[in-house]
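Chemist: need a 3D model of the sequence below.
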Amino acid sequence: MASPTARVMRDGQVKTVMSRDVVKGDMVYLEDGDQVPSDVRLVEAVNLAIDEALLTGESLPVKKKTDPLPGDPANFTVGDQINMAFKNTTVTRGRGHGVCIATGLGTQIGTIAKEVLASSKAQKTPLEKSMFYLMLWLLFMALVLALLIFALAEFDFSDTSVFVYAIAVAVAILPEGLPMVVTVTMSFGVRHMAHQNAIVRRLVSLENLGSVTNVCSDKTGTLTRGKMVVKKGWVNGQWIEAEMGVDPNEPGKVWALDTKEKRSDGNLISHKDLEQEKYQPLLQALQVCALCHTSALTKSPEGKWVATGDPTELSLLTLAAHFDLTKQSLASVFAFVSEEPFDSSIKRMTVVYECQNGDFMCFTKGAVEGVLSRCGSYMFEGKRYDEITEEWREEINKRMVSMAKKGLRVLAFGVRTMRASDLSKEQKERIRNGEDRDQVEKDLTFMGMFGMYDPPRAESALAVKTARTAGIVVHMATGDHPLTARTIAKLVGILKAPIKEELVMVAADFDRMTDEQVDKMESLPLVLARCSPSSKVRLVRALHRRNARVAMTGDGVNDAPAVKSADVGIAMGFGGSD
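Modeler: Have a look, this model is predicted:
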């Protein structure tokens, strides 16, 4: 394989060098597709997004900024440091440059490597301890019997038969076949685990697995699917609820909820329903989902959907495809004109399409505040209102907050029709060349919002229930936001009502506590959010001090130190990192 390279400023010129040759103080240049060669403090970030799943376990790329972060740097986790680019992470969008501040073992990935190497040696299992003490006891008995034989021979060492007899008695009492019996027994367990798609690296871990009292699990990709789906929406003043698969080929359902936010089979929305007048705002919102993106949803030769790109965009594409709304199906209605890419400073992106009659359609999506700031009207119950009042802005924000509190990531949608008759030839040319973003993204009509989340695996809730029934306490340690972590923990059954506040903690608060303070807690947190690798290790060690047997599951490099520190380390190989 080719060795990784980096672009740095040397002698006043940008040069390509081997990544291992990057040193502190180098100005490092990054662009789409690059692997970051060292820890870099960013000084410029243009639509820059970096995949940090390697360090945080979170599947969504992190949008980067250059502004200094408020607060104490000692309390920042990797996920909080949005003005940093970390070694071995991958640029997924945009470009930027910054100053190299750490290389090798001084980087975040290097810190994880040091923690893995410094992890304490695993404690002996109860079986190992029992066998150790048994052998000590048998050795003592062998020595006693040998001494007794010598005593009966009146310590006559001239007779060699006495030596032979004493040694024979000592050897006979030691069960030399015991290790073989234990190994064969354990091998049957290995075979059983293999049928469960699990590879056992150390035989003794099987015995440890049977005595586990606490399980610490990562969230993204372990308890959840590691992909985004649309869960809820608010369009045209009405709540929408969806049950979509993470795979576009999986069937899905969409309901229009009643005033009590209840759903029924009579409220199912089908493709034909979008032809009705009352569903026209929803149709336009779905058209934004289908057309305003940089991802791809195509059909394979076998007729199956193949999705590639940003997980959030793919969730919206999947929702639109459920109603047979894709770029391909809309190509006969809309012709692509130009694109205004996502800009982190204004938090939105826009595409412009030309209709068959020559009019231009502007489709915009982004953060609620980013889209709402450019809207001059809104749709409510099928009517278009030409002024967004402060009361209505508060209502929109209230709906957005209600979805965010449920752990959903919320995006808003706006639409504008630009009549060809109202545009001069010069204006049309500027629109086609993408030269007039400010004019295009104005007087939008606010259509609504959709909320996405990373859904739990179907088997997660049953696995947690089975563990609780067996008396095993399940903890979740994740790099995600506390609200999202709490929501998923409730869905899979880790948290049960009533929920005590101390059961959900942010890693920064947990890390500030001394070991004595942690040990005085009535119970350790069941959900630890915004975790760094060291936070997970600290949780495992806190459980060890309470004489707990801990199993740690993880699917990324960030989980490696905790996996090694636990009594049973479980690496989720499918879809995870080494």
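
Chemist: distance between the ends of stretch 489-498?
Modeler: End-to-end distance of stretch 489-498 (Cα to Cα, to the nearest Å): 13 Å.

Chemist: give the buried residues for that stretch.
Modeler: Ala489, Lys490, Leu491, Val492, Gly493, Ile494, Leu495 (16 or more other Cβ atoms under 10 Å). To be clear about C-beta, it is placed using only N, CA and C from the backbone, and glycine gets the same treatment.

Chemist: just these: which are in helices?
Modeler: Ala489, Lys490, Leu491, Val492 (DSSP state H).

Chemist: contacting residues for the second one?
Modeler: Spelled out, that is Lys490. Ile499 (Cβ atoms under 8 Å, 6 or more residues apart in numbering).

Chemist: dump the buried residues of stretch 489-498 to JSON lines, plus distance to Gln284.
Modeler: Shown next, in JSON lines, are those (distance: Cβ to Cβ, whole Å):
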{"residue": "Ala489", "distance to Gln284": "36"}
{"residue": "Lys490", "distance to Gln284": "34"}
{"residue": "Leu491", "distance to Gln284": "31"}
{"residue": "Val492", "distance to Gln284": "36"}
{"residue": "Gly493", "distance to Gln284": "39"}
{"residue": "Ile494", "distance to Gln284": "39"}
{"residue": "Leu495", "distance to Gln284": "38"}
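
Chemist: how much space between Thr107 and Lys406?
Modeler: For Thr107, the distance to Lys406 equals 36 Å [Cβ to Cβ, to the nearest Å].

Chemist: Ser211: which of the ones in helices among the buried residues of stretch 489-498 is nearest?
Modeler: Val492 (23.7 Å; Cβ to Cβ).

Chemist: I figured the closest one hits Leu223, correct?
Modeler: Yes. Counting by Cβ atoms under 8 Å, Leu223 is a contact partner of Val492 at 5.7 Å.

Chemist: chain center to the top helix by length along the chain: distance?
Modeler: Ranked by residue count and defined by DSSP H, the top helix of the chain is helix 126-152. Taking Cα atoms, centre = their mean, to the nearest Å, one finds the center of helix 126-152 at 53 Å from the center of the full chain.

Chemist: in the very next helix or strand once past it, what's buried?
Modeler: Sequence order places helix 160-173 as the next helix or strand after helix 126-152, per DSSP states H and E. Of the residues in helix 160-173, Val162, Tyr165, Ala166, Ala170 count as buried by neighbour count, 16+ other Cβ under 10 Å.

Chemist: and what of stretch 48-59?
Modeler: Buried, per 16+ other Cβ under 10 Å, within stretch 48-59: Leu48, Ala49, Ile50, Asp51, Glu52, Ala53, Leu54, Leu55, Thr56, Gly57, Glu58, Ser59.

Chemist: stretch 182-194 now?
Modeler: For stretch 182-194, by 16+ other Cβ under 10 Å, it's Val182, Met186, Gly189.

Chemist: let's verify Tyr378: helix, strand, or coil?
Modeler: strand (DSSP: H, G, I helix; E, B strand; the rest coil).

Chemist: quick one: it and Leu444 touch, right?
Modeler: No. Look at Tyr378 against Leu444 with Cβ under 8 Å: they stay out of range, at 9.4 Å.

Chemist: what's the helix or strand harbouring Ala335 packed up against?
Modeler: For Ala335, the host element (DSSP H and E) is strand 334-343. In this structure, strand 334-343 packs against strand 39-51, strand 348-355, strand 360-366, helix 425-432, with contacts taken as 3 or more Cβ pairs under 8 Å, 6 or more residues apart in numbering; DSSP states H and E.
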